[in-house]
Each structure stands twice: as structure tokens, then as C-alpha cells.
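K.L.:
Sequence plus predicted model, see below.
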Amino acid sequence: MTARSKPKKKPVARPAAKAPARPAPKPAKRAPAPGPKAVPTETAPTGTVFFVLEDDGTVARGKDPNLPRDVLLFLYEQMVQVREFDRRMLMLQRQGRIGFYGPILGQEAATVGSVAALEARDWIFPALREGAAAMMRGLSLTTAISQLIGNELDRCKGRQMPCHYTFKEGNYYGMSSVIGTQISHAVGAAMAARIRGDDVVVLGYMGDGATSANDFHCGMNFAAVYRSPCVLFCQNNQWAISVPCSKQSVSETIAQKGIAYGMPFVRVDGNDVLAVYAATRDAVARARAGDGPTFIEAVTYRRLGHSSSDDPSKYRDEAEVKAWERKDPVDRFRRYLTARSLWNEAAETALKERIAKAVNDAIAAAEAVGPPADETLITDVFAQVTPQLREQLADAMAVAGKRVNDGAFPL
């Protein structure tokens, strides 16, 4: 009797399993900034957002840090200046006078508050919306606008994307559009400073989208293991271009990612300049004391497009934008200063007039400057310009029939 194989059963088609419904994000819990030290906060509930100011500018539960008057006014003036600069540069782009701009509207407190908490010797590694940091460190408005134009005064000689400032004298590292690369750079620079015996701290920025990049893991892990004297600062503005934060991570918060690396973390209201200042100041002090890095998530919102090339109305609800407008960082801080009798309408008018004139003068000065010299196309490639490069430049100029640097930015 021969063995016979049983006929194979035909596979039964099964309906595809439905993905489990994603729960709606829980509203963030808020708690006043915790006394004199804002970090470490790994024992706090992970969703807690620390703040000092209520949305109306009043101080939460007597937690006013009582910063000196000159510090408070400096914070406010810088926030107003970057907002006006932002507004004017976007207008220049729409008029075709510059090719590209990345606005900061809504994120002024996160940038200004964190940078102001550093000491002059500390270094800044920006992501995209920290151009104000360079100006706070001494980069002139004319030089900043020249970089947007790409003219002869542009420190990058027209080779970099607009908004990608570099300012070595102010310990401000040149920005890169490659997402997340500055995280590893910031951590490494901090380690180099420690090895050299330099008493400096490095502040490295990122957006919420950068926490999905490989450099985030590499930088966070290295910083924690080797106790790099740095502060890693995430500006969570809710959108990585058109990708919402909910599609970047299923974690309740970005801040709690510090747990996986054994790193202290704090989640702060990024629209509260006093809370941002306090959290960053304490993290910087911790790093300088040799206690290692801190991870800060500043919860804020980008109210305009990712850049002047972006239309956010295509991917987000305008009602969301309106809700965040009511949390405006500049308005909130102005109410606080007014309540303390440190500010009034006359001071506001005088400040805005002074800033408007400074920006107008800087625009006029930058637009009066010609393009970079043709020679700059081949310099800075080698220590000595090679004969081959000179030949290539001559060929390019002969083909173009005009100055090779004439023309507009292509965006």
C-alpha cells in the first residue's frame, strides 16, 4: 500500500487586521516652575509642563524668579526685535528681494530665553529657528540681512542657504539644514571643551522632527554615558514641516525620552520666557558643575509656515493656530512687565520705533552692497587656489558672458 499525501487545503482569505485606534493626545499638565532649581525633574510626571507665567501674564503661585530689571528688559527687547526682523524679512522674500526665509513667529521665548541663560563663553549649536541667538551674541542686522541676500558682506559668500548664519566670534556654530546633525556636533564639541579644560557649556538645539533622526540617539547616548557638559534643547513646535508631533513618536512627551538614556529632563512651557530662562540656566549650571547633560523640551508652536516656501493651510487646522495665538509669548511677557511697572505704552512705542529704524537702516545698507567677487567661487577649496580651479573659473565666466554671481536665488 503506497503512502498517499493528503490534498493541501487552500488558504482561507482573512480580512486584514485593523490597526488599533490611536487615542487622542492628553492635554499637557502644567505645574509652576519648581523653586530655584528646574532640573533634574525625572521624578515629576512625564506630561507635566513647568511654567512661571499664566497665559495672561500673571505669576503662578508666587513663583516669580525676580530677575534683575536689566535682564527682564533685555529679554523683552530681544523678543520684540526678532519678531520685527522676522516680519520684515518675510516681506522682503514676498517682494523678491531675498529668496528664502524661515520664520520664528510664536517661538521667540524659547530661543531668547534659552540663549540668555548662557554665559558669553558658552557655545551655541543652532537648528533652524535660532538666528536670533547670533544677533544676541553680536551679529549685526546688516550682516544678517547680507547673508539672506548673499552679497559681498555675506560671511558665507553666497554659498549657504539663507538663514544659515555663522558667527564664530559669538561662539555661534554655522547652521546646517541636514536634520539632527548638530546634535552630535554639540555633544562632541562639549566633550572637546572638557578635554581641553575649558569651562564652557554647549547648548545644542533641535526640532521635534530631529528626535526621529539617528543623530538624536547617537548624541543623547554619548552625552549621557560620557557626561558631556551640554544642554540638548528641543523646540517642540508641534510640526516637522507637515508632519505632526503625533507621527514622530507615540511617547507621551518628547522630554521623557531622556529616561531611556539615563539623562535628567525637563518639559517647559516654551512660550513662557521666564520658565525657559530658569530651566536652561539650571541645566547650564548643572553641566558646568560636571554633573552631565540635561534634555529640555520646550513646548511651543510655529504659527507660520516651516519656511517661506511652505503653505501650512494645506496640512493643519486654522483653529489650532488661533488657539496658540492666545498663548503669544511676547504679549504674555509684556503683561508681566506692565504689572510690575517696568513697561508702559510710551516705552513700547519708543522701542518699536527704534527697532523699525534699525531694521530699515540695515536693509538699506545690505541692499547697497554688490555681489561677492567672482574669485570667491574658487577660494576656500584648498589652502592655495590651484591652476585647474583658475582655469575652470575663466571658462565659466567666458561661457556665462557676464559676472557669474549675477542673478537671483533660485527659490
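P.N.:
That came through, no problem.
K.L.:
What segments of the stretch 151-300 of the chain are helices?
P.N.:
181-196, 214-226, 273-288 (DSSP state H, counting those that start in this stretch).
K.L.:
tell me which residues in the first one are buried?
P.N.:
For helix 181-196, the neighbour count (16 or more other CB atoms under 10 Å) marks 181-191, 193-194 as buried. Any C-beta I mention is one placed from the backbone N, CA and C, and that applies to glycine too.
K.L.:
So which of these is the closest to Thr143?
P.N.:
Closest approach between those and Thr143, by CB to CB: Gln182, at 21.1 Å.
K.L.:
How about the closest one, nearest residue that isn't a chain neighbour?
P.N.:
Phe125 (4.5 Å; CB to CB, 6 or more residues apart in numbering).
K.L.:
State the distance from that neighbour to Ser309.
P.N.:
Note on Phe125: its distance to Ser309, by CB to CB, to the nearest Å, is 24 Å.
K.L.:
Which one of those two is surrounded by more residues?
P.N.:
Phe125 (30 against 12; other CB atoms under 10 Å).
K.L.:
how about the more buried one, what does it touch?
P.N.:
Neighbour list for Phe125: Tyr173, Gln182, Ile183, His185, Ala186, Ala189, Val202, Leu203, Gly204, Tyr205 [criterion: CB atoms under 8 Å, 6 or more residues apart in numbering].
K.L.:
same question, Ser184
P.N.:
Counted by CB under 8 Å, 6+ apart, Ser184 has contacts Asp215, Cys218, Gly219, Phe222.
K.L.:
Most neighbours among those, which one?
P.N.:
Using other CB under 10 Å as the neighbour test, the contacts of Ser184 are led by Gly219, with 28 neighbours.
K.L.:
Let me know the pLDDT of the closest residue to it other than its chain neighbours.
P.N.:
Closest residue to Gly219 in three dimensions, ignoring its sequence neighbours and counting by CB to CB, 6+ apart: Ile183, at 3.6 Å. With respect to pLDDT, Ile183 scores 97.
K.L.:
and Ile183, what is it in contact with?
P.N.:
Phe125, Gly204, Met206, Ala210, Ala213, Asp215, Phe216, Cys218, Gly219, Met220, Leu232.
K.L.:
Do I have it right that the fifth one meets Ile179?
P.N.:
This means Ala213. Yes. Taking contacts as CB atoms under 8 Å, Ala213 lies within contact range of Ile179: 5.1 Å.
K.L.:
Now the two most distant members of the contacts of Phe125.
P.N.:
Ala189 and Tyr205 (13.2 Å).
K.L.:
Report the spatially nearest residue to the spatially most central residue of the chain, omitting neighbours in sequence.
P.N.:
Nearest to the mean C-alpha position of the chain, by CA atoms, centre = their mean, lies Arg129 at 3.9 Å. Distance criterion CB to CB, 6+ apart; nearest residue to Arg129, sequence neighbours excluded, is Ile104 at 4.6 Å.
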